[in-house]
Each structure stands twice: as C-alpha cells, then as structure tokens.
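1. coordinates for the following, if possible.
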Amino acid sequence: MSQQPKARPAPITLYLSTPCAVTTCHHAYNWHKSEGCEVETCECIAFATPAPAATEEPQR
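-> Take a look at the predicted model:
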C-alpha cells in the first residue's frame, strides 16, 4: 500500500505591519530586531533564543 504525501500548509503572508504574535506585544513586526521588540519598555521575547539548559552539579 502506498502512502499519501502529507499536505503542506499554505504559506502565511507576513508583512512588516503584521502585529506581533506575542499577545503582550502591541507592536508590528517592523518594530522588532533579532532579540525582540525595539521598544525598550516592551517585554516581547518573540525572537529570543532559548536559555541553555542548566546542568546540575552533583552535590558532594
């Protein structure tokens, strides 16, 4: 039996005027840079890289 190829979702058109996907950020994507929103009072982390996993040292 042959498998049907999986359908790909249609690409989403994203404009610089598109609102940020983070619900607490009220700025459009043109206000963002690689680490998040350019507005200093905004706490948007839309493009923040995840923190490295903490490695626990064994207690002695």
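
2. what sits closest to residue 46 if chain neighbours are left out?
-> Nearest residue to residue 46, sequence neighbours excluded (CB to CB, 6 or more residues apart in numbering): residue 22, at 5.0 Å. No exception for glycine: its C-beta is placed from N, CA and C like everyone else's.

3. could you look up the SS state of that neighbour?
-> With DSSP: H, G, I helix; E, B strand; the rest coil as the basis, the three-state label of residue 22 is coil.

4. list the contacts of it.
-> Neighbouring residues of residue 22 by CB atoms under 8 Å, 6 or more residues apart in numbering: 44-46.

5. what sits against the residue most central in space within the chain?
-> Centroid check for the chain by CA atoms, centre = their mean gives residue 46 as the closest residue, at 4.0 Å. Residues in contact with residue 46 (CB under 8 Å, 6+ apart) are 20-22, 25, 32, 36-37.

6. highest neighbour count among the residues you listed?
-> Counting neighbours by other CB atoms under 10 Å, residue 37 comes out on top of those with 23 neighbours.

7. can I get the CA coordinates of stretch 24-34 in PDB?
-> Coordinates of each C-alpha in stretch 24-34 appear next as PDB, following Å, rounded to 0.1, in the frame of the first residue of the first chain:
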ATOM      1  CA  THR A  24       1.500  41.000  25.200                       C
ATOM      2  CA  CYS A  25       3.400  42.900  22.500                       C
ATOM      3  CA  HIS A  26       1.400  45.600  20.800                       C
ATOM      4  CA  HIS A  27       3.900  46.400  18.100                       C
ATOM      5  CA  ALA A  28       4.100  45.400  14.500                       C
ATOM      6  CA  TYR A  29       7.000  43.200  13.200                       C
ATOM      7  CA  ASN A  30       8.800  46.300  11.800                       C
ATOM      8  CA  TRP A  31       9.500  47.200  15.400                       C
ATOM      9  CA  HIS A  32      11.400  44.000  16.100                       C
ATOM     10  CA  LYS A  33      15.000  43.100  15.800                       C
ATOM     11  CA  SER A  34      16.700  39.800  16.400                       C
END
